[in-house]
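Asks: sequence and predicted structure, then a few things I'm wondering about:
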Amino acid sequence: MRAERFEDLIVWQKSKEMTLTLYMTLKELKDFAFRDQICRASVSIMNNIAEGFERGTDKEFKYFLYIAKGSSGEVRSMLHIALDLKYINEKKYQELSLISNEISKMLSGLIKSIT
């Protein structure tokens, strides 16, 4: 059974949670370009899930889920740099990396479930 609203999708809820956590974690970061890029990538995950869902066709939904999955990889890649540059500590890196991996797996499962 398909969800009635994108807000009902757990993967969207998790991506929103990750986005809020990133914004709060990096709100004092002075490397504005870095902060903007990782936050935009995170927002892209949730927005592409929403946009694809709202398109109303499985083909388009699947297409936008693949874009969201790519953005999830971008976030994880940037988390490595954030840790190396000491923008975040190891604990926050592990937390965000875990959420991002969960989102990526959920997106894969959702993509596979769409015929």
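Replies: That came through fine. Numbering: from 1, shown residues only.
Asks: the longest helix in the protein is where?
Replies: Identified as the longest helix of the chain according to DSSP state H is helix 58-84.
Asks: report the buried residues of the helix or strand following that one.
Replies: Next helix or strand after helix 58-84 toward the C-terminus (DSSP states H and E): helix 90-113. By neighbour count on 16 or more other C-beta atoms under 10 Å, the buried set for helix 90-113 is 92-93, 95-97, 99-100, 102-104, 106-107, 110. All C-beta spots, glycine's among them, are computed from the backbone N, C-alpha and C.
Asks: sorry, back to before: can you give me the buried ones in the longest helix of the chain?
Replies: Across helix 58-84, burial judged by 16+ other C-beta under 10 Å covers 61-65, 67-69, 71-72, 74-76, 78-79, 82-83.
Asks: and the nearest residue to Lys62 once chain neighbours are set aside, what does it touch?
Replies: Among residues not flanking Lys62 along the chain, Ile114 sits closest, at 4.8 Å (C-beta to C-beta, 6 or more residues apart in numbering). Shown in contact with Ile114 (C-beta atoms under 8 Å, 6 or more residues apart in numbering): 58, 61-62, 65.
Asks: how close does Ile114 get to Phe61?
Replies: Per C-beta to C-beta, to the nearest Å, Ile114 is found 6 Å from Phe61.
Asks: quick one on the thing from earlier: who are the packing partners of the longest helix of the chain?
Replies: With contacts defined as 3 or more C-beta pairs under 8 Å, 6 or more residues apart in numbering; DSSP states H and E, helix 58-84 has these neighbours: helix 10-26, helix 32-55, helix 90-113.
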